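Trainee: take a look and give me a structure for this.
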Amino acid sequence: MAVRRKLIREMVEALLAKHRISHGAVPVEKIVESYGIKLSLDEVDDELSGFLVREPGKNKRSVIGANKAHHPHRQRFTIAHELGHFLLHKGEMVHLDQGRGALAINLRNEQSSRGEDQDEREANLFAAELLMPAIFLAKDLEGVSLDILGDSGVLDRLAKKYKVSTQALTFRLANLGYIQL
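Mentor: Presented below is the predicted three-dimensional model:
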């Protein structure tokens, strides 16, 4: 099954319109909270970037967690990634002891970031689309010449504007066809 690029772009565009967001940096935390999802920055193993926990049933409480020790830009990407899982994937059921039922869990770790699993690729794409929307970048890059080997001022300025790493922005621009890696 192929990554659902069109669906993800349409979902993100609808989210941006719903929240009246017309420029970066996208307030991903506010979007998460609009779904009633609790956001938690926790001290966890460094290999774990974040997690999504969904409790099935009437209450359907959900929590998105991000590693408190990671850079704020990485935390934002992790939060957006987990929101992508929330909206796109059901997660894996984990059964608890002592009759406490089950939880659906998605984890973001080193394996996730390599993008080898379709769900992970979709969540990564969702995060990139949400944090660095194609339509916003198109406006920002109108009439701009990009030279990633020369002056990186444009990349640095855009990364700061969108509150993402220069590396994430570079990959996004390459995926959108603005630059070649």
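Trainee: and the strands in this protein?
Mentor: Per DSSP state E, the chain has strands spanning 38-42, 48-54, 62-67, 92-95, 102-109. These are given in chain order.
Trainee: the closest residue to residue 119 other than its chain neighbours: neighbour count?
Mentor: Closest residue to residue 119 in three dimensions, ignoring its sequence neighbours and counting by C-beta to C-beta, 6 or more residues apart in numbering: residue 89, at 4.9 Å. For glycine as for every other residue, the C-beta is placed from the backbone atoms N, C-alpha and C. A count of neighbours around residue 89, defined by other C-beta atoms under 10 Å, yields 17.
Trainee: phi, psi for residue 89 please.
Mentor: Main-chain torsions, residue 89, degrees, to the nearest 10: phi -130, psi 150.
Trainee: could we number from 5 for the rest of this?
Mentor: OK, 5 is where the count begins now, so the last one is residue 93.
Trainee: wait, it touches residue 121, no?
Mentor: No. Shown here, residue 93 and residue 121 do not form a contact pair, counting by C-beta atoms under 8 Å, at 10.2 Å.
Trainee: for the nearest residue to residue 167 once chain neighbours are set aside, give me its contacts.
Mentor: Spatial nearest neighbour of residue 167, chain neighbours left out: residue 29 (4.1 Å); criterion: C-beta to C-beta, 6+ apart. Remark: with contacts taken as C-beta atoms under 8 Å, 6 or more residues apart in numbering, residue 29 is in contact with 135, 165-167.
Trainee: which among those residues end up buried?
Mentor: The neighbour count (16 or more other C-beta atoms under 10 Å) marks 135, 166-167 as buried among these.
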